[in-house]
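>>> Need coordinates for the following:
(one chain, ligands or ions: 1)
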Amino acid sequence: MAYVVTCPCGVTIRDNNVDQFVKAVQKHGKEVHNQSASKEEVLAMARQE
Ligand SMILES: [Zn+2]
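Down below sits the predicted model:
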């Protein structure tokens, strides 16, 4: 089971570890979109595969 999110910009972020996943999504959001999201917001966007 992995956490997966596909960003509107087309980037897919996937990780089996929830903490690493949240960090990766937050890093992408900050670096690429200059947006920050809480862990709860990240997980609300994510799906599990
Ligand atoms: Zn993006």
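>>> and the protein, which residues reach the ion?
Within reach of the ion by CB under 5 Å from the ion, the chain has these residues: 7, 9, 11, 32. C-beta coordinates here come from the backbone N, C-alpha and C atoms, glycine included.
>>> For these, could you give me TSV that also reports secondary structure, pLDDT and neighbour count?
Listed next are these as TSV, based on DSSP: H, G, I helix; E, B strand; the rest coil; pLDDT from 0 to 100; neighbours: other CB atoms under 10 Å:
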residue	secondary structure	pLDDT	neighbour count
7	coil	95	14
9	coil	97	8
11	coil	97	11
32	helix	98	11
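>>> so what's the spatially most central residue of the chain closest to, chain neighbours aside?
Most central in the chain under CA atoms, centre = their mean is residue 25, positioned 3.0 Å from the mean C-alpha point. Closest residue in space to residue 25, ignoring its immediate chain neighbours: residue 42 at 4.7 Å, by CB to CB, 6 or more residues apart in numbering.
>>> same deal with residue 29?
Using CB to CB, 6+ apart, the closest residue to residue 29 is residue 35 (4.6 Å).
>>> secondary structure element for that neighbour?
Under the criterion of DSSP states H and E, residue 35 resides outside all helices and strands.
>>> so where do the helices sit in the protein?
Using DSSP state H, the helices found in the chain span residues 18-33, 39-45.
>>> for the ones you listed, which one sits closest to residue 2?
Closest approach to residue 2 among the helices of the chain is made by helix 18-33 (8.0 Å; CB to CB).
>>> Could you pull up the residues touching the closest residue to residue 45 other than its chain neighbours?
Leaving out its chain neighbours, the residue that sits closest to residue 45 by CB to CB, 6+ apart is residue 5, at 5.2 Å. By CB atoms under 8 Å, 6 or more residues apart in numbering, the contact set of residue 5 is 12-14, 21, 25, 42, 45-47.
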